[in-house]
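**Student:** this one's sequence-less:
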């Protein structure tokens, strides 16, 4: 107690904050704020885990302010608000950072550096800036339990993830399949559709596009076509924006109901007379109206208008199974190597006449539609590009060349251009031009992705689409439009979740298989592990059978003491129920699965803390940047819906009321998605532009309160914020300055008069009218 | 806040602190804190300001956790009103709509509007607030309005430094209004009809203008067709009358008598002098409670002002004596309404 109100020499927010921080630390004010509400109704908040291998930015301050103010508000309202901090520690961001630091590429891992050493570095690096994050958390006044965070690389956390994966596996929601998936050669791994939907992944690029001419083979079935051309050569025209896929071409797909024309004209490059087939509707893109039926005999190469005439019109269906000669034959891409019956015209409903020629160059390895139609017609498959994004051996002058400049090589020569030049010279190109289009890029490397055949594990999210859509309608979204639009549309168009990552530092997929495993033959055994106890049992069985001798692992209290990461998990031999040795499949799990599973894994559910979990699920409130809409917000929501029954069962086992009313399969009830922080001119902040705002500097200069107040009052959190330090200065001066002056005024005169509120409170009605008026309409 | 609209909450707090608490309540009540004995009115003022700060600090605590906690503890350590060590352990104030007094809010709004109109008029004719003026005229639309203004007239008079308010039940003849169409609002709506409508508005009588102000709308007959105009469709201004200046906001009009009589001028000078001496007190580092003695080397008109308002000046500046002397060797040179003079302010007993 003190008998005088403190008077300040001047308003200095940073110094006031320093004192408050010391007081909070001394009195453990944060934990007190939770303990004082013991027994009160919980208000559940989930902290989206940041990755501490990068420095925090000002955009983290806005979402953390938002999270903090809601939790503080709810605490003051009488709720108990536990909030566990968390760290996202696996995945691409970490691995790419480590590769860069060590100056290695993915290929070097396991060669220049052992996987064990590499992962040890990842484990260390991922918390590289944890101190900086903790400092920001403290200085900005974000109250979150930093002392007991959940860390996604910890064994307990991974054990919970394995439990979830096993639940999904048991329900048939986890499956393996070869399909054409987005793949990042620069990162060396496949990507999920939500990764492809991170903001900024689609970029406008100018690529070399090519209309190639595939020579029709003269056979009995194509006689009608060759005859229509007067017995001369006929070419199918097909357009591609990825000429590097042409050596892998195995088919040409046409629309069965589309009208095609056989046209006589001249090749614009070689000026040789040619006969080409393309969709009638697209003819106008390649010939000029005034050239129609013009004088063929008098045509000279320098003429601007090239004569053309239609020789025949027919439906796409008439072309089915007609053969053509391979465009770019090499030793590596023979029909035999393709493994089917390639180089035929196929029918596909996905062909349109919106663009191109109406004839689709089909390389089964590099497109989902191509793959499907290729399978249907059994044309085989050729994957002439390796996982680093370069051509394989046996492709002549193109062998070993990168199909895109994945390595930022200044000497890089675009192989796509060279392929086009070759075709041009060989009278096999009709039109080559730069084409601007929107193309997806890897969210971590910024390099273009490609579509690639991958053997991958998927979560069958589509099986629960209706549930996810229905549950989403019960979520309070701020702003509403994001929930209905960006998120709602995303749910409507969902595809199965590609879970596999071909990397080193991540949660291992807990599936073990015997060596004779073959789905098609139906041989072998497979086991999905869902707990450390199960792992231990199968491991010990294997030990008894004579395996794992070289591993010196200890089993303590029925649990194997092992780090649940590569490389050791890949060395564990488990014994199948049928007595066969099994090794783990090579896949790691998408890092977004880690964070999406945090409601369960942060409490090591269902192995421990069931009661705490039961009280803290689902979240009443979460908040992150809008970039998480198709990221964390999605994976949380998907897992909540998918494992609803498993969660309910686990809770029921321990006698909790696990009805739908309490646990409807929702992971969160309210979600606030805050906008981006732009610079004051409205440009995106980037290191390149040098307009990044350092949050430490801002807080140091203006104080956390002024910064927080500015971020919240300047614009609704879901609007993009144009960050201007002048605005903070204004808040400091106008709002805090005014309040400070009011307090100083009060303190000055109260200290003179000795007002300590010792007199009984004067009833409102007995006070002067202006007093009655100013007292806010709050009861005391 | 329950609706997850923190921006609106923050802005509402800002507005309360700035326009209501600081620029109205504290401004108007300053004297209650520094004048008079420590008794009912003063205690009310302290309690009220204390409670306002306590509530504001609680409301803002989630957004600005540091400042709110620091000031809260400064307050609470003296009064011990709340048994918590941090504002973040305190309960959030609960809003009680039944607690509102709408009629009081209305008349306070009137007081604020009238004051801001009068102050804008002072600015327009360049007469500072310290110079008292004689009279404000307010045309009233109904008896209720007059009743409401009368209840807050003391607040207004002291805020704008005017001696009295007079009410006009019929503004016609005294205040002449000018009306012109609001082209921006009407243009879009009317298009080609704009021209005849503008002409019709141009010939509105004073009576029609008053009716429009009172009813907030008026129906025009144009080419046999009725057309409704609302207040926003036009701009109404007042013509100044000699010796008066007039301002309008919505349906509120005030006229200010801008004649500065010698009597008012003397009072104005006295107030100006008080202000200068207060500054000297402050610059000299005196405590607000220190008593002083003052010597003034005043000239001409100022002598009259000082003599006439000597008691008032002494009370304001906590002076035990105020002496007019012919000349001062070393004193502080000050200026009062463009007349320069010298004063000496000494702390009593020093």
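**Tutor:** Yep, it's here. The shown structure was predicted, so the numbers you read here are calculated from the model rather than taken from an experiment.
**Student:** Can you get me a residue count around residue A:514?
**Tutor:** If you count neighbours by other Cβ atoms under 10 Å in any protein chain shown, residue A:514 ends up with 20. From N, CA and C alone the C-beta is placed, and that goes for glycine too.
**Student:** In the stretch 151-300 of chain B, what residue spans correspond to helices?
**Tutor:** Using DSSP state H, counting those that start in this stretch, the helices of the stretch 151-300 of chain B run over residues B:153-160, B:183-190, B:194-202, B:206-215, B:262-283, B:300-308.
**Student:** Residues of the stretch 401-550 of chain A that sit close to chain B?
**Tutor:** Within the stretch 401-550 of chain A, the residues that sit near chain B (Cβ under 8 Å from any Cβ of the partner chain) are A:476, A:478.
**Student:** For the residue of the stretch 401-550 of chain A found nearest chain B, which non-adjacent residue is spatially closest?
**Tutor:** For the stretch 401-550 of chain A, the residue closest to chain B is residue A:478, as judged by Cβ to the nearest Cβ, at 4.9 Å. Using Cβ to Cβ, 6 or more residues apart in numbering or on different chains and skipping residues adjacent in sequence, the residue nearest residue A:478 is residue A:672, 4.3 Å away.
**Student:** Over to the one you found. Which of the three states is it?
**Tutor:** Classification of residue A:672 using DSSP: H, G, I helix; E, B strand; the rest coil returns strand.
**Student:** so how far is residue A:592 from it?
**Tutor:** Per Cβ to Cβ, to the nearest Å, residue A:672 is found 20 Å from residue A:592.
**Student:** what kind of secondary structure is residue A:410 in?
**Tutor:** Counting by three-state DSSP, the backbone at residue A:410 sits in coil.
**Student:** neighbours around it, how many?
**Tutor:** For residue A:410, the neighbour count with other Cβ under 10 Å is 6.
**Student:** What's the separation between it and residue A:106?
**Tutor:** Counting by Cβ to Cβ, the gap between residue A:410 and residue A:106 amounts to 22 Å.
**Student:** follow-up on the earlier one: so the residue nearest to residue A:478 sits right up against residue A:621, yeah?
**Tutor:** Yes. Counting by Cβ atoms under 8 Å, residue A:672 does reach residue A:621; the two are 7.5 Å apart.
**Student:** any shared contact partners between the two?
**Tutor:** A:70, B:4 (Cβ atoms under 8 Å, 6 or more residues apart in numbering or on different chains).
**Student:** Pull the contacting residues for the nearest residue to residue A:456 once chain neighbours are set aside.
**Tutor:** Sequence neighbours aside, residue A:500 is the residue nearest to residue A:456 in space, at 3.9 Å (criterion: Cβ to Cβ, 6+ apart). Residue A:500 makes contacts with A:190, A:454, A:455, A:456, A:457, A:509, A:587, A:588, A:589, A:590, as judged by Cβ under 8 Å, 6+ apart.
**Student:** Narrow the residues you listed to just the buried residues.
**Tutor:** Buried subset of these (neighbour count, 16 or more other Cβ atoms under 10 Å in any protein chain shown): A:190, A:454, A:456, A:457, A:509, A:587, A:588, A:589, A:590.
**Student:** Centre of the chain to the helix or strand hosting the fourth one, how far?
**Tutor:** If I follow you right, that is residue A:457. Following DSSP states H and E, one finds residue A:457 within strand A:450-459. Strand A:450-459 sits 14 Å away from the centroid of its parent chain (Cα atoms, centre = their mean, to the nearest Å).
**Student:** Next secondary structure after it?
**Tutor:** Remark: after strand A:450-459, the chain's next helix or strand is helix A:465-472, criterion DSSP H and E.
**Student:** Which strands or helices does that following helix pack on?
**Tutor:** helix A:488-492, helix A:632-642 (3 or more Cβ pairs under 8 Å, 6 or more residues apart in numbering or on different chains; DSSP states H and E).
**Student:** buried sites along it?
**Tutor:** Buried positions in helix A:465-472, judged by neighbour count with 16+ other Cβ under 10 Å: A:465, A:468, A:471, A:472.
**Student:** wait, isn't the residue of the stretch 401-550 of chain A closest to chain B in contact with residue A:670?
**Tutor:** Yes. Counting by Cβ under 8 Å, residue A:478 touches residue A:670, with 7.2 Å between them.
**Student:** what touches both of those two?
**Tutor:** Taking Cβ under 8 Å, 6+ apart as the contact rule, the neighbours common to residue A:478 and residue A:670 are residue B:4.
**Student:** Who has more neighbours out of the two?
**Tutor:** For residue A:478 versus residue A:670, neighbours defined as other Cβ under 10 Å are more numerous around residue A:478 (22 against 15).
**Student:** Please report the distance of that one from residue A:77.
**Tutor:** For residue A:478 relative to residue A:77 (Cβ to Cβ), the value is 18 Å.
**Student:** and what of residue A:100?
**Tutor:** Separation of residue A:100 from residue A:77 (Cβ to Cβ): 46 Å.
**Student:** Same question for residue B:275.
**Tutor:** Using Cβ to Cβ, residue B:275 is found at 47 Å from residue A:77.
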